[in-house]
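1. return atomic coordinates for the entry below.
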Amino acid sequence: MKIYFIGIGGIGISSLAQYYLSKGDEILGSDLVKTEITDLLESKGVKIFIGESESNISKDIDLVIYTPAIADDNRELIKAKQLNIDCVSYPEALGKLTKDYYTIAVSGSHGKSTTTAMISKILVEAGFDPTVIIGTKLKEFDDSNFRKGNSKYLVIEADEYKASFLNYYPDIIVYTNIEPEHLDFYGNIENILETAHRYINNLKDNGVLIYNFDDANLVQITQGIEHIKIPYSLNRTYDIENILQLPGQHLVSDALAALMVARQLEIKDEVSYRALSEYGGSWRRFEIKELDKFTLVSDYAHHPTEIRATLNAAREKWPDQCIWAVYQPHQFQRTYHLFNDLVEVFIGAPIDKIILTPIYDVAGRETRELREQVSSKKLQEEISIKRDDVIYIDSLDSAKKYILDNIKGGEIVFIMGAGDIYDLTKDLHGL
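-> Residues are numbered from 1 along each chain as shown. Next up, the predicted model:
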């Protein structure tokens, strides 16, 4: 088949593109900008178009798969429908695969990629040879976000964005936590919980729910669930913490979830412990690079809970060193809804300097009203009421110059966010 992907540079949809490529299909697609992910796809033989154009869509295309993030007036999707080409969303396409495989789906506001990676490592170590569709690149997968397996096992991230996970029908659901996220779609936490409950009931017959018993929202929605339920908790005694390479209680929790999956599949603990002890992290998750004058850490954290966990882990790892956080808020909508939480997290952060850059603007998802109501400058002003080590810098280039001009030597510098702040990481890597 000839399959065209709209938004092919997305971390999830690009993994699905590689799945079909591994099956021998001809793959091509478009995205708005060139990235490391589009470069990875091109290196594997995928034809990439940069920019949206109806001329990219030809009548010999058999199937169009599109990211849920595109606008309704996307010209490529409109052209494909005019040509009567089958069009499905990324979650719909992935949902079809979940029916064909023994599927382990990892869900939650935080920790999805790390938990998916840990489960995948254990299954590979145990000889289960899984196919993996994951939202991050892993060294173990040759710096790819996809692994082709030759067994019945499929491990995926099940994202809650626009209720995507309602398309999935897993054999095992791993649920790490539930917090207010994507409120532009859900509106409130009650709608999030109701949708999560519906998703859990998508489990196949004899399906298993493995969930974080430390999360009050999960405890609430699992009441009355008739499927097999297996809780895990940091309050129980395990020796996983002593074998992990990376710091942080959030990683211990993710490892516990992976261990519960392994036990459900009757994998011996010694195999799981060996795999977990070798887990060295993934792309943009506490990714450490030693430079000449300072230590650079790239981290995808953009939600207050993730930021708190990451910076607490940083202080745990480097108790006596000077730690900086350079943070790019993600989307005006999210920053507006999470403004007070972000203020609280940074006021309490156990670090020595905070640098805020402009909010990452996601094309097509922001309103003029929100742009006027919220900004990184306002965030800085609110935080500075309680601490005097927070500054606002109006561009990534200026942030780079500030870092290089003010570093004394030996600092730990975190570059944090889910947007193009990663470009700053790459610039500093090249020093």
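
2. tell me which residues of the lengthiest helix in the chain are tucked away?
-> Ranked by number of residues, the top helix in the chain under DSSP state H is helix 249-264. Across helix 249-264, burial judged by 16 or more other C-beta atoms under 10 Å covers 250-262, 264. C-betas here are computed from N, CA, C, even on glycine.

3. now that helix, how far from the centre of its chain.
-> Relative to its chain's centre, helix 249-264 lies at 17 Å (C-alpha atoms, centre = their mean, to the nearest Å).

4. tell me what that helix is packed against?
-> helix 112-125, strand 172-175, strand 208-212, strand 228-232, helix 269-277, helix 304-317 (3 or more C-beta pairs under 8 Å, 6 or more residues apart in numbering; DSSP states H and E).

5. any idea of the angle that helix forms with strand 228-232?
-> Here the directions of helix 249-264 and strand 228-232 differ by 140 degrees (axes from the mean of the first three to the mean of the last three C-alpha atoms, to 10 degrees).

6. let me see the ranges of the helices in the stretch 101-250 of the chain.
-> All helices of the stretch 101-250 of the chain, identified by DSSP state H, counting those that start in this stretch, fall at 112-125, 183-186, 189-200, 216-221, 249-264.

7. in CSV, list those helices along with mean pLDDT and distance to T67.
-> Formatted as CSV, those follow (pLDDT from 0 to 100; distance: least, C-beta to C-beta, whole Å):
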stretch, mean pLDDT, distance to T67
helix 112-125, 94, 17
helix 183-186, 84, 14
helix 189-200, 95, 19
helix 216-221, 95, 27
helix 249-264, 94, 26
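
8. of all these, which one is nearest H302?
-> Comparing the helices of the stretch 101-250 of the chain by their distance to H302 (C-beta to C-beta), the top pick is helix 112-125, with 12.9 Å.

9. may I have stretch 180-193 as PDB, with CA atoms only?
-> Output in PDB follows, covering the C-alpha atoms of stretch 180-193 (Å, rounded to 0.1, in the frame of the first residue of the first chain):
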ATOM      1  CA  PRO A 180      -6.000  18.100  34.800                       C
ATOM      2  CA  GLU A 181      -4.500  18.200  31.300                       C
ATOM      3  CA  HIS A 182      -5.800  19.200  27.900                       C
ATOM      4  CA  LEU A 183      -8.500  21.300  29.500                       C
ATOM      5  CA  ASP A 184      -9.100  23.100  26.200                       C
ATOM      6  CA  PHE A 185     -10.700  19.800  25.100                       C
ATOM      7  CA  TYR A 186     -12.000  18.300  28.300                       C
ATOM      8  CA  GLY A 187     -13.100  21.400  30.100                       C
ATOM      9  CA  ASN A 188     -12.700  20.000  33.700                       C
ATOM     10  CA  ILE A 189     -11.300  17.100  35.700                       C
ATOM     11  CA  GLU A 190     -14.700  15.400  35.900                       C
ATOM     12  CA  ASN A 191     -14.800  14.900  32.100                       C
ATOM     13  CA  ILE A 192     -11.200  13.600  32.200                       C
ATOM     14  CA  LEU A 193     -12.200  11.000  34.800                       C
END
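
10. list the buried ones in that stretch?
-> Using 16+ other C-beta under 10 Å as the test for burial, stretch 180-193 gives P180, E181, H182, L183, D184, Y186, I192, L193.

11. quick one: that stretch to chain centroid distance?
-> Between the centre of stretch 180-193 and the centre of its chain there are 18 Å (C-alpha atoms, centre = their mean).

12. neighbouring contacts of that stretch?
-> For stretch 180-193, contacts defined as C-beta atoms under 8 Å, 6 or more residues apart in numbering pick out 109, 160-163, 178, 195, 217, 220-221, 303, 333-334, 337-338, 365.

13. from those residues, which two are the most distant?
-> Top of the distance list for the contacts of stretch 180-193 (C-beta to C-beta): Q220 and R365, 29.6 Å.

14. coming back round to it: turn the helices of the stretch 101-250 of the chain into a markdown table, columns for distance to K353.
-> Output for the helices of the stretch 101-250 of the chain, formatted as a markdown table (distance: least, C-beta to C-beta, whole Å):
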| stretch | distance to K353 |
| --- | --- |
| helix 112-125 | 26 |
| helix 183-186 | 30 |
| helix 189-200 | 33 |
| helix 216-221 | 34 |
| helix 249-264 | 23 |
